[in-house]
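Trainee: fold the following, please.
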Amino acid sequence: MTIHASRTLSVLALATAIVAAPLAASAAPGPQSEGMRTHQRADHHARSMHGDRWLRGLDLTQDQQDQIFKIRHDQEQAVYDQKKAVKAAAGTLRELGRADSFDQAKAKQAADALGQAQGQLALLRAQSMAQIRAVLTPEQRQTLAEHHQRKDKGTAKTTKS
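Mentor: Below is the predicted model:
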């Protein structure tokens with residue numbers, strides 16, 4: 001086996017171990033009481049809502065919060081898969097760039113895969129944003145629009161400076 005082939009196998013084994021370890025750990029059964037599982041669901045719900053900074057100040061009802069959580073939860077696997085694809089393609093592209101001999105065809109393939117995964121992730125985010133906006137009342141959408149206008153004006157001032 002050549003040194004290059006050995007290095008490639010080592011990198012592949014390391015990448016496999018890095019990806020498999022969290023999956024194996026999350027799949028391992030562990031003693032959990034019903035109360036603990038309920039707490040974890042509530043904690044996940046709170047983190048999901050915390051990630052939606054653009055929804056702050058809208059005084060969401062509990063029903064709206066639950067609907068938004070469901071939207072996020074329903075897309076969670078697809079978002080995870082796309083983030084994983086982005087990471088893998090970026091890693092492949094980075095490794096190809098560091099190689100002693102550059103393979104243009106493989107780099108193009110990796111770059112295309114990276115662009116495709118990033119595009120899919122952006123599409124998922126736009127879809128969830130549209131679904132979440134549909135949950136809001138007209139008054140909440142107006143408040144959100146005003147917030148975005150203020151934010152956009154603040155961004156415009158900083159870019160002009």
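
Trainee: buried ones in the host helix or strand of Y80?
Mentor: Assigning secondary structure by DSSP states H and E places Y80 in helix 62-98. Buried residues in helix 62-98, defined by neighbour count with 16 or more other CB atoms under 10 Å: 64-65, 67-69, 71-72, 75, 82, 85-86, 88-90, 92-93, 96. Every C-beta, even on glycine, is put in place using the N, C-alpha and C of the backbone.

Trainee: tell me where this protein has helices.
Mentor: 3-27, 34-50, 62-98, 104-135, 138-160 (DSSP state H).

Trainee: could you tell me the least trusted of those helices?
Mentor: When these are ranked by mean pLDDT, helix 34-50 comes last with a mean of 43.

Trainee: check contacts around the nearest residue to Q131 once chain neighbours are set aside.
Mentor: In this structure, Q131 finds its nearest non-sequential neighbour in I71, 4.8 Å apart by CB to CB, 6 or more residues apart in numbering. Under the criterion of CB atoms under 8 Å, 6 or more residues apart in numbering, the neighbours of I71 are S128, Q131, I132, V135.

Trainee: neighbours around the third one, how many?
Mentor: Neighbours of I132 under the rule other CB atoms under 10 Å: 19.

Trainee: look up how far A107 lies from the residue nearest to it when sequence neighbours are not counted.
Mentor: Computed as CB to CB, 6+ apart, the closest residue to I132 that is not its neighbour in sequence is I68, at 5.4 Å. From I68 across to A107, the span is 40 Å (CB to CB, to the nearest Å).

Trainee: could you do A85 as well?
Mentor: 17 Å.

Trainee: what do you get for G97?
Mentor: Distance, G97 to A107, by CB to CB: 7 Å.

Trainee: over to A88?
Mentor: Taken as CB to CB, the span from A88 to A107 is 14 Å.

Trainee: do the same with A99
Mentor: 9 Å.

Trainee: so between these two, which is more surrounded?
Mentor: A107 (16 against 13).

Trainee: related to what we said a few turns ago, mind giving me a markdown table with the contacts of I71 and columns for distance to A122?
Mentor: Converted to a markdown table, the contacts of I71 look like this (distance: CB to CB, whole Å):
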| residue | distance to A122 |
| --- | --- |
| S128 | 11 |
| Q131 | 15 |
| I132 | 16 |
| V135 | 21 |
